[in-house]
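**Q** after the sequence you'll find the predicted model.
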Amino acid sequence: MFKALLSLFKKSDPKPLQAVRKAPTPKSKPKVASTRIGELGEHKINIQLDQLPKECKSLSNLLLANPKSRTGYTQIDHVVISPYCLFVIETKNYNGEIKGGRIDQQ
C-alpha cells in the first residue's frame, strides 16, 4: 500500500487523478436541495485543492469497500497525499456552528 502511494510522486502525469464515481444508492426520499448544496461545497474545495503545490496529489469522491455499511461502501469526500502526510477531508456546506462529541449520534 505504501509503495503504491509513493508511486504517485514518481509519475509526472499532467492529467489529474480520477476518482471512482459514487454508485447510486436507493433512497426513500430524494433530498435534491441538500444534495445539491453538498455538491457545491465539495466543488468549492476541489477548486482550492487544485491550487496545492505540485508535489501534492488530491483525490475526490472515493468509494472504499466497507462490509459493515448498509451499501457495502464508505464514501470519502477528499484525500490529499503529500510527501509529509495524508489528509482526509470530509466536506460540509452548512451555515453556523457545528458541535458534537466523539460519542454523540447527532
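**A** Looks like it came in fine. Numbering: from 1, shown residues only.

**Q** list the buried ones in stretch 76-89?
**A** Within stretch 76-89, the residues that count as buried by 16 or more other CB atoms under 10 Å are 76-81. Every C-beta, even on glycine, is put in place using the N, C-alpha and C of the backbone.

**Q** same deal with stretch 51-67?
**A** Taking 16+ other CB under 10 Å as the criterion, stretch 51-67 shows 56-63 as buried.

**Q** TSV for the residues you listed, including secondary structure and pLDDT?
**A** Output for the buried residues of stretch 51-67, formatted as TSV (DSSP: H, G, I helix; E, B strand; the rest coil; pLDDT from 0 to 100):
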residue	secondary structure	pLDDT
C56	coil	94
K57	strand	93
S58	strand	92
L59	strand	92
S60	strand	89
N61	strand	89
L62	strand	92
L63	strand	93
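
**Q** of these, just say which sits nearest to S69.
**A** Proximity to S69 was ranked across the buried residues of stretch 51-67 by CB to CB; first place goes to L63, at 10.3 Å.

**Q** quick one: the closest one and Y73 touch, right?
**A** Yes. Taking CB atoms under 8 Å as the contact criterion, L63 and Y73 are neighbours in contact, 4.7 Å apart.

**Q** and the strands in this protein?
**A** With strands called from DSSP state E, the chain shows them at 57-65, 73-81, 86-89.

**Q** list the buried residues for whichever helix in the chain runs longest?
**A** In the chain, taking DSSP state H as the definition, the longest helix is helix 32-49. In terms of neighbour count (16+ other CB under 10 Å), helix 32-49 has its buried residues at 38, 42, 45-46, 49.

**Q** return the member of those residues nearest to I103.
**A** Once CB to CB is applied, the member of the buried residues of helix 32-49 that ends up nearest I103 is G38, at 24.7 Å.

**Q** what separation do you get for the closest residue to L62 other than its chain neighbours and N61?
**A** Spatial nearest neighbour of L62, excluding adjacent residues (CB to CB, 6 or more residues apart in numbering): I76 at 4.5 Å. I76 sits at a distance of 8 Å from N61 (criterion: CB to CB, to the nearest Å).
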